[in-house]
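**Q** give me the fold of what follows.
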Amino acid sequence: MSDKEQYGTRDLTYSNWHRWKSTRRFLSDFDAWKLGMIDIDDVEYCRWCSEPLALIELAQDVGQGHKCAKVTANLADLATRPAYRCFYAISQGDIVQFRVAPLTMNGDREYTMSPAEYARFLLGFHERHDCPKRHKATGEDAT
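**A** This next block holds a predicted model:
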């Protein structure tokens, strides 16, 4: 993610174009239906080597207990990376709470985190990642 928000809104043109009701203009109904797509919400990555560290499926918390994330979980398994489902609650324009559950391995256990706890949770992926490029750039000891 860029450190600055680029546009402030999400353009939905491609999302709408990719849907069955649109692509069937160019393909048979069945072939248009086969074009399944999801967006990737969050890939936590190393800033030095660009290696993906975790995949996170995000949604605003409106009291739901589930978010389908089969493709994200499958992608994480293929990449041998952890994957999580994260609901975030908003109050007065800021995030006040996170509900986080693994998509792989014991995905039924949910953890409630404050924004500070969630930031440390994300930092943990980076701290467990042994990146030689980071060690070289920062002068850290790799041992």
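**Q** contacts only, for the closest residue to Val96 other than its chain neighbours.
**A** The shortest distance from Val96 to any non-neighbouring residue, by Cβ to Cβ, 6 or more residues apart in numbering, is to Ala89 (5.4 Å). Quick note: C-beta positions are derived from backbone N, CA and C, even for glycine. Applying Cβ atoms under 8 Å, 6 or more residues apart in numbering, we find Ala89 in contact with Gln60, Asp61, Ile95, Val96, Gln97, Phe98, Arg99.
**Q** same thing but 10 Å
**A** Going by Cβ atoms under 10 Å, 6 or more residues apart in numbering, Ala89 touches Gln60, Asp61, Val62, Gly63, Ile95, Val96, Gln97, Phe98, Arg99, Thr112, Pro115.
**Q** swap in Arg24?
**A** Phe30, Asp31, Ala32, Trp33, Leu35.
**Q** surely the third one touches Thr23?
**A** Yes: with contacts counted by Cβ atoms under 10 Å, Ala32 reaches Thr23, the gap being 4.2 Å.
**Q** about what we covered before: just the ones of the contacts of Arg24 in helices?
**A** Those of the contacts of Arg24 mapping onto helices are Phe30, Asp31, Ala32, Trp33, per DSSP state H.
**Q** in those, which residue is surrounded by the most others?
**A** Counting neighbours by other Cβ atoms under 10 Å, Ala32 comes out on top of the ones in helices among the contacts of Arg24 with 17 neighbours.
**Q** now the biggest helix by length in the chain, how far from the chain's geometric center?
**A** Longest helix in the chain, counting residues (DSSP H): helix 115-128. Here the centre of helix 115-128 is set off from its chain's centre by 14 Å, with Cα atoms, centre = their mean, to the nearest Å.
**Q** can you show me the CA trace of it as PDB?
**A** Only the C-alpha atoms of helix 115-128 are listed here, as PDB (Å, rounded to 0.1, in the frame of the first residue of the first chain):
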ATOM      1  CA  PRO A 115      -6.000  -0.800  17.200                       C
ATOM      2  CA  ALA A 116      -2.700  -0.900  19.100                       C
ATOM      3  CA  GLU A 117      -2.900  -4.600  19.500                       C
ATOM      4  CA  TYR A 118      -3.700  -5.100  15.800                       C
ATOM      5  CA  ALA A 119      -0.800  -2.900  14.800                       C
ATOM      6  CA  ARG A 120       1.500  -5.100  16.900                       C
ATOM      7  CA  PHE A 121      -0.100  -8.300  15.400                       C
ATOM      8  CA  LEU A 122       0.800  -7.000  11.900                       C
ATOM      9  CA  LEU A 123       4.300  -6.100  13.100                       C
ATOM     10  CA  GLY A 124       4.800  -9.700  14.300                       C
ATOM     11  CA  PHE A 125       4.800 -10.900  10.600                       C
ATOM     12  CA  HIS A 126       7.600  -8.500   9.900                       C
ATOM     13  CA  GLU A 127       9.600  -9.400  13.000                       C
ATOM     14  CA  ARG A 128       9.400 -13.100  12.200                       C
END
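**Q** thank you kindly, that will do.
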